[in-house]
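Participant: Build me a structure from this.
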Amino acid sequence: MSNADWFKAGIDLLAAIISGVFVGLAIYWLDERRAKRERRLSDYRIASNWKNVEPKVSLRDFDLTKTNLSGHKFRRANLESTILFGTILWGSNFEGANLRHCDFRKSRMVGSKLASAIAVGANFSGAIIKKNIDPENNFWSDFSNISLKGAKLVGTRINGVRFANASLRGADFRGAIILDCDFTGADLNDVNWKKAKRIENCIWKDIKFAKAENFPPNVWKEIQEQNAI
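Facilitator: Numbers count the residues shown, from 1 in each chain. Below is the predicted model:
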């Protein structure tokens with residue numbers, strides 16, 4: 001074979017190798033996507049039937065991305081590190097649940113109950129959390145007595161949520177909109193509210209560890225007025 005023939009053969013071999021690698025990567029990517037879809041479907045089936053099954057199984061590390069779990073009850077369930085990204089949670093009940101490091105980003109929580117849940121390090125960034133207002137129902141989202149230590153609520157829209165006696169130590173509310181919420185008795189240690197986008201018409205009675213430097217002047221003035229003796 002001439003040098004030109006060897007060169008052509010080398011080019012053909014290289015092209016075949018590259019093509020094989022590309023096909024292999026494409027097959028691997030498709031297999032991974034299929035496996036992820038199958039896992040999400042399996043996780044959703046188990047989670048959506050969790051209330052009716054005994055003994056209760058752990059939902060830890062489940063992937064429930066963009067599912068609809070409206071009206072489902074997960075009282076005292078273990079959902080640690082579970083992914084609930086973009087999930088619809090109208091009237092869902094997580095009372096007393098383990099929600100440590102859960103991913104609630106961009107979820108929609110309307111009239112949801114998280115009272116007494118442990119949500120340390122959970123991420124609610126970009127979520128919408130609000131009370132349910134329709135002709136038949138008008139009730140707050142209940143986050144009373146919840147532990148949200150170190151939780152992220154960056155850019156979260158919060159309207160009509162009860163945080164009574166909640167622990168919000170170190171929670172991050174940067175860019176959040178907070179309207180018509182009840183923080184009665186809440187622990188606000190190390191929470192900087194100055195970076196919130198908007199705070200209006202909230203109840204601040206008997207809050208703990210509140211410092212003037214952590215609030216916009218108008219909010220601090222309201223706090224002082226509500227707690228005047």
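Participant: domain parsing for this structure?
Facilitator: Following automatic domain parsing, one gets these domains for the chain: 1-48, 58-229.
Participant: ranking those domains by burial, who's on top?
Facilitator: The highest mean neighbour count among the domains of the chain, using mean count of other C-beta atoms under 10 Å, belongs to domain 58-229: a mean of 19. Where C-beta positions appear, they are placed from N, C-alpha and C, glycine not excepted.
Participant: quick one on the thing from earlier: with mean pLDDT added, can I get the domains of the chain in JSON lines?
Facilitator: Compiled in JSON lines, these are given as follows (pLDDT from 0 to 100):
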{"stretch": "domain 1-48", "mean pLDDT": "64"}
{"stretch": "domain 58-229", "mean pLDDT": "93"}
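Participant: Helices along this protein, start to end?
Facilitator: All helices of the chain, identified by DSSP state H, fall at 3-48, 217-226.
Participant: At the geometric centre of the protein, which residue sits there?
Facilitator: residue 104 (1.5 Å; C-alpha atoms, centre = their mean).
Participant: out of everything not next to it in sequence, what's closest to that one?
Facilitator: residue 124 (4.6 Å; C-beta to C-beta, 6 or more residues apart in numbering).
Participant: How about the contacts made by that neighbour?
Facilitator: Counting by C-beta atoms under 8 Å, 6 or more residues apart in numbering, residue 124 makes contact with 104-105, 107, 151-153, 156.
Participant: Please repeat the previous calculation with a cut-off of 6 Å.
Facilitator: 104, 153, 156 (C-beta atoms under 6 Å, 6 or more residues apart in numbering).
Participant: wait, isn't the first one in contact with residue 127?
Facilitator: Think residue 104. Yes - contact criterion C-beta atoms under 6 Å: residue 104 and residue 127 qualify, at 5.3 Å.
Participant: Give the full set of residues in contact with residue 114.
Facilitator: 94, 143, 146.
Participant: I'd guessed the second one sits against residue 164; true?
Facilitator: No - in this structure, residue 143 sits apart from residue 164 without contact. The criterion is C-beta under 6 Å, and the distance is 8.4 Å.
Participant: Stretch 85-92 spans what distance, first to last residue?
Facilitator: Start-to-end span of stretch 85-92 (C-alpha to C-alpha, to the nearest Å) is 15 Å.
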